[in-house]
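**Student:** Quick one, fold the following:
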Amino acid sequence: MTEKRGWLVATFAIANVFCVSASEPLRMNLQQLFATAEANNASVQSYKAAIQQTEEGIDAAHSAMLPDVEASASVSYLGNVRIWNRRFKEGMTAVTPHFGNNMVLTARQTVYSGGAITSSIALARLEHEMTKVEAEENRQRVRFLLTGHYLQLHNLRNQLEVFDQNITLTETLIQHTRQRMEQGIALENDVTRYELQLENLRLGKTRVEDARRIISHQLTTMLGMDSTITILPDDNFSTALCPIDGESAWQQLATANNTGLQKVAIGTRMAQQKVRLEKSERLPKVAIVAEDHLDGPVTFEIPTLDKNINYWYVGVGVRYNFSSLWKNNKKVRQARTSVLHSQLQQREAAEGVDNAIQGAYTNYLTSFTELKAQQKSVELATQNYRIIQNRYTEGLALITDMVDAANVKLDAELALVNARINVIYNYYQLKYISNTL
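**Tutor:** Residues are numbered from 1 along each chain as shown. Prediction:
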């Protein structure tokens, strides 16, 4: 059911990519981004090709178990035979047929290779497994980058809302101050200060809009889409969707799914297979051999017989390389050292993942504390702004007090937007480290 839902999401996302007009914003949720990247991202596609390559490598390793069949044929010109006695005197010439031919058909089936073939097949399978893990690692990295850009778009959209609200509020205050100036209870300088505040807000909004265009362009590039398309986030992210699970639960997820741990584990198994492969060089090789020869003329007879001769045989061949007894020991020791190194890397990787989860989880909890603090700051800044506004209306506060209160309120609201996104970002960072995106 989950796979079917995933295919539906992917189909919908890709259909949106190719059907949307470049002039119209494209609304996409996070899952649609993931599905589109799965279909179009250059890095993801590259690893898919690498997986197919290693699959073919397994087939190539299996082919070593098949028989070897060779055929050869040649024609030649034979000169006459010259014969002497033992002292190279009293020589004579024997006329020889000048046309010679040779045809050989050889078949060899290895029945025992000392484990070389099976180890090679096991290595090919491990390479395939390693490539799949690397592909998953790359997929998680791409998804985390997409998530970061996507959350930035959310953040920038929320910042635009804050700027719009403050711009509207400032425009209202400018109108109100002008009315007071006409009544003689406000100065033109007060209007100027508010207009300066309004220009700063508009400038801030322009910067946010430019940043949003940059992030949208980076997203479309990663997704393999037309860069003129503007992506709008379609998820209603809420910090309530981020559960505060215990650290041990995240540690267990990371232990089971982290691709870094999986890679070093596969690396250890590959090193162990290489030890077996090197040991196989010190074992005999046994094969069943069959050959069929068709030669002519018959040159081992004198005079030479101008005829073809056919002979064949079937037997068992044993090959042993005695020099491997003193040459291969160093390679075996090197392979064993590689196993030890891989095992130490496993331990190091496990410690690294443990520390990464602990740090990310601590930051995750801290982000909730920061969120509560920023919510309180916005509450206090808004309350302070209303008090200063009432005092200014009654003529008990200066315009500078109003501007300062407005700036404090704006900073608090923008900090709250960042704090909310920071909670969600830290949650997805935990999912990325545990490779559960």
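**Student:** Rounded mean pLDDT for the lengthiest helix in the chain, please.
**Tutor:** Taking DSSP state H as the assignment, the helix of the chain that covers the most residues is helix 116-182. The predicted model assigns helix 116-182 a mean pLDDT of 88.
**Student:** Give the other helices and strands that it contacts.
**Tutor:** In terms of contacts (3 or more C-beta pairs under 8 Å, 6 or more residues apart in numbering; DSSP states H and E), helix 116-182 is packed against helix 30-40, helix 42-62, helix 188-222, strand 231-233, helix 259-280, helix 399-433. The way it works is simple: take the backbone N, C-alpha and C, and place the C-beta from them, glycine included.
**Student:** Would you mind putting these into a markdown table with mean neighbour count alongside?
**Tutor:** Compiled in a markdown table, the helices and strands packed on helix 116-182 are given as follows (neighbours: other C-beta atoms under 10 Å):
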| stretch | mean neighbour count |
| --- | --- |
| helix 30-40 | 21 |
| helix 42-62 | 14 |
| helix 188-222 | 16 |
| strand 231-233 | 20 |
| helix 259-280 | 19 |
| helix 399-433 | 20 |
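**Student:** Would you reformat these as a markdown table and include mean pLDDT?
**Tutor:** A markdown table is the format used below for these (pLDDT from 0 to 100):
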| stretch | mean pLDDT |
| --- | --- |
| helix 30-40 | 88 |
| helix 42-62 | 92 |
| helix 188-222 | 88 |
| strand 231-233 | 81 |
| helix 259-280 | 90 |
| helix 399-433 | 87 |
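**Student:** between those, which gets nearest to residue 113?
**Tutor:** Between residue 113 and these, the tightest spacing by C-beta to C-beta is seen for helix 259-280, at 6.5 Å.
**Student:** List of residues touching that closest one?
**Tutor:** Residues from elsewhere that reach helix 259-280, judged by C-beta atoms under 8 Å, 6 or more residues apart in numbering: 113-116, 119-120, 122-123, 126-127, 129-130, 133-134, 136-137, 140, 254-255, 328, 331-332, 334-336, 338-339, 341-343, 345-346, 349-350, 352-353, 435.
**Student:** which parts of stretch 286-296 are buried?
**Tutor:** Buried residues in stretch 286-296, defined by neighbour count with 16 or more other C-beta atoms under 10 Å: 286-287, 295-296.
**Student:** Is it possible to get TSV of the helices and strands packed on helix 116-182 that adds distance to residue 369?
**Tutor:** Listed next are the helices and strands packed on helix 116-182 as TSV, based on distance: least, C-beta to C-beta, whole Å:
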stretch	distance to residue 369
helix 30-40	25
helix 42-62	36
helix 188-222	26
strand 231-233	26
helix 259-280	29
helix 399-433	10
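**Student:** Any idea which of these gets closest to residue 70?
**Tutor:** For these, distance to residue 70 was read as C-beta to C-beta. The smallest value, 18.9 Å, belongs to helix 42-62.
**Student:** Please identify which of the buried residues of stretch 286-296 is nearest to residue 106.
**Tutor:** Taking C-beta to C-beta as the measure, residue 106 lies nearest residue 287 of those, at 11.1 Å.
**Student:** Checking my notes, residue 100 in a strand, right?
**Tutor:** Yes. Counting by DSSP: H, G, I helix; E, B strand; the rest coil, residue 100 is part of a strand.
**Student:** Could you find the closest non-adjacent residue to it?
**Tutor:** Take residue 100 and drop its neighbours on the chain: the residue closest to it by C-beta to C-beta, 6 or more residues apart in numbering is residue 76, 4.1 Å away.
**Student:** Also residue 159?
**Tutor:** Counting by C-beta to C-beta, 6+ apart, residue 208 is the residue found nearest to residue 159 once chain neighbours are left out, at 5.0 Å.
**Student:** There's contact between that neighbour and residue 160 in this structure, I believe.
**Tutor:** Yes. Here residue 208 reaches residue 160: they are 5.5 Å apart, a contact under C-beta atoms under 8 Å.
**Student:** intersection of neighbour lists for these two?
**Tutor:** Joint contacts of residue 208 and residue 160 (C-beta under 8 Å, 6+ apart) do not exist.
**Student:** The longest helix of the chain to helix 42-62, inter-axis angle?
**Tutor:** With axes from the mean of the first three to the mean of the last three C-alpha atoms, to 10 degrees defining the directions, helix 116-182 sits at 170 degrees from helix 42-62.
**Student:** and residue 431, what does it touch?
**Tutor:** Residue 431 neighbours (C-beta under 8 Å, 6+ apart): residue 437.
**Student:** try residue 181
**Tutor:** Residue 181 makes contacts with 187-188, 190-191, as judged by C-beta under 8 Å, 6+ apart.
**Student:** Residue 123 too?
**Tutor:** For residue 123, the contacting residues are 61, 270, 273-274, 277, by C-beta under 8 Å, 6+ apart.
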